[in-house]
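Undergrad: generate a structure from the sequence data that follows.
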Amino acid sequence: MKYLLPLLFLPMLSSSQVYKLRAYSAKSAHSDGVKFVYDSSRSVNFLVVLNMDKDKIQLYGANESEYDVIKRDSSRIDEKGMGWDYFHAIDSKGEKCRIVLLAYGDIQKKQASEVDAFGSLSIQYDSYMVIFYLKNNK
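TA: Numbering: from 1, shown residues only. Alright, predicted model coming up:
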């Protein structure tokens with residue numbers, strides 16, 4: 001299965017659909033049964049590779065993670081230019097998860113603390129999630 005990411009990714013397009021981003025901050029959250037409770041953000045520095053040619057999302061850092069995309073659920077762009085892509089995936093342990101890729105619009109990029117801010121990548125399970133804040137990999 002192949003995906004055509006929305007127009008918000010046009011500046012990053014090459015001949016293949018492989019995108020490299022850098023995670024600079026992360027935070028986790030766990031469910032208390034009613035809502036998610038978030039931990040403090042922490043600095044990180046690792047590579048995030050979105051390989052839509054192979055239906056994979058890979059994280060390269062101290063601990064490497066790989067997610068096989070089962071299907072793309074949906075995508076949307078709001079009136080401020082923010083874009084979301086929703087995926088169903090299976091991690092390397094065989095657990096199902098939902099992955100949400102958020103790309104900032106121009107307003108959010110200007111407000112972000114990181115100069116090359118791109119957006120975020122959330123990996124969501126039933127009882128916990130991890131959010132990685134991304135910038136362009138230069």
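
Undergrad: so what strands line up beside the helix or strand encompassing Asp68?
TA: According to DSSP states H and E, Asp68 maps onto strand 65-77. According to DSSP bridges, strand 65-77 forms sheet pairs with strand 56-60 (antiparallel), strand 83-91 (antiparallel).

Undergrad: could I get the CA-only coordinates of the shortest one as PDB?
TA: Once side chains and other backbone atoms are set aside, the C-alpha atoms of strand 56-60 remain, and they are given as PDB (Å, rounded to 0.1, in the frame of the first residue of the first chain):
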ATOM      1  CA  LYS A  56       7.500   2.100   7.700                       C
ATOM      2  CA  ILE A  57       8.200   4.700  10.400                       C
ATOM      3  CA  GLN A  58      11.600   4.300  12.100                       C
ATOM      4  CA  LEU A  59      13.100   6.100  15.100                       C
ATOM      5  CA  TYR A  60      16.900   6.000  15.300                       C
END
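
Undergrad: which parts of stretch 49-62 are buried?
TA: Taking 16 or more other Cβ atoms under 10 Å as the neighbour-count basis, stretch 49-62 is seen to contain the buried residues Val49, Leu50, Asn51, Met52, Asp55, Ile57, Gln58, Leu59. For glycine as for every other residue, the C-beta is placed from the backbone atoms N, C-alpha and C.
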